[in-house]
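>>> Show me how the following folds:
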Amino acid sequence: MSMILNNKHQEQNVSWQPYLKYGERQFKKQKAVIYSQGEIGSGFYYLHSGLVKIVTVKPDGSQKILDMHGEGKLFGEQAIDELAYFSSAIAVENTVLYYFSKAAFREMVQACPDFLPFFVDSIVQKMRILSEDILLKAFTAEQYIAYSLSKFRKTYRSDKISMTQQDIANCTGLTRITVYKVLKKWKESNLIDIQNRMIVIKEQEKLSRIYH
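Numbers count the residues shown, from 1 in each chain. Take a look at the predicted model:
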């Protein structure tokens, strides 16, 4: 499983500068809903700067965080053919996006031969994430939380992760009490620190060993 996890979230090396002219620039404030689960879409988004979380709403009304996207990522591709979004996208912080309509997508495919393979690769990566989520169910609570924090550290590109205990519970499916106990243990062991609704990773190498 460690091999699978190490291959996760490979960085895209394609510059989006040539493609931005086809999109509509949008600014979203922190906590703004970009699109909602069940809403019919007709395009996709490129995250130019900021942070976006992808969540799904369970029948009981609670949320599960499926993924976090940092700058340079695509999202919302599943609804480009005017299908319903299976999740919601919410700005975690002030965010700059580019929205590409279905018509813009077709124009980009014709005008930019290198674009389509890049677009398909983004979808393949998301399918891999969904399939790996099934494998993660075999993790212990500590392994799952350690893995999630390590993943979000890459997304934030910082040791400081702006997530609450409830956010982690929503991401992992664990109870908030379980998350609290694990984080308390790690804080006492000096693996992490908790400051004003923010988790600070102090020993990333030791944290990685928990799930490898």
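>>> Quick check: bridge partners of the spatially most central residue of the chain?
For the chain, the residue nearest the mean C-alpha position is residue 68 (1.8 Å; Cα atoms, centre = their mean). Beta-bridge partners for residue 68, by DSSP bridges, are residue 53.
>>> correct me, but it touches residue 155?
Yes: taking contacts as Cβ atoms under 8 Å, residue 68 lies within contact range of residue 155: 4.6 Å. Quick note: C-beta positions are derived from backbone N, CA and C, even for glycine.
>>> residue contacts, the residue nearest to the centre of the chain?
Counting by Cβ atoms under 8 Å, 6 or more residues apart in numbering, residue 68 touches 51, 52, 53, 54, 92, 151, 152, 155, 156.
>>> wait, which of those is closest to residue 85?
Residue 85 lies nearest to residue 54 out of those, by Cβ to Cβ, at 9.6 Å.
>>> Would you mind measuring from the residue nearest to the centre of the chain to residue 42?
For residue 68, the distance to residue 42 equals 24 Å [Cβ to Cβ, to the nearest Å].
>>> cool, residue 35 as well?
Here the criterion is Cβ to Cβ. By it, residue 35 lies 11 Å from residue 42.
>>> same question, residue 212
Distance from residue 212 to residue 42, by Cβ to Cβ: 42 Å.
>>> Over to residue 155?
Distance from residue 155 to residue 42, by Cβ to Cβ: 27 Å.
>>> which one of the two has more residues nearby?
More crowded of residue 155 and residue 42, by other Cβ atoms under 10 Å: residue 155, with 19 against 15.
>>> Can you name the next helix or strand after the helix or strand hosting the more buried one?
Per DSSP states H and E, residue 155 falls inside helix 141-156. Using DSSP H and E, the helix or strand that follows helix 141-156 towards the C-terminus is strand 160-161.
>>> Just the buried residues of the longest helix along the chain, please?
Longest helix of the chain, by residue count under DSSP state H: helix 115-135. Neighbour counts over helix 115-135 (16 or more other Cβ atoms under 10 Å) mark 115, 119, 122, 125, 126 as buried.
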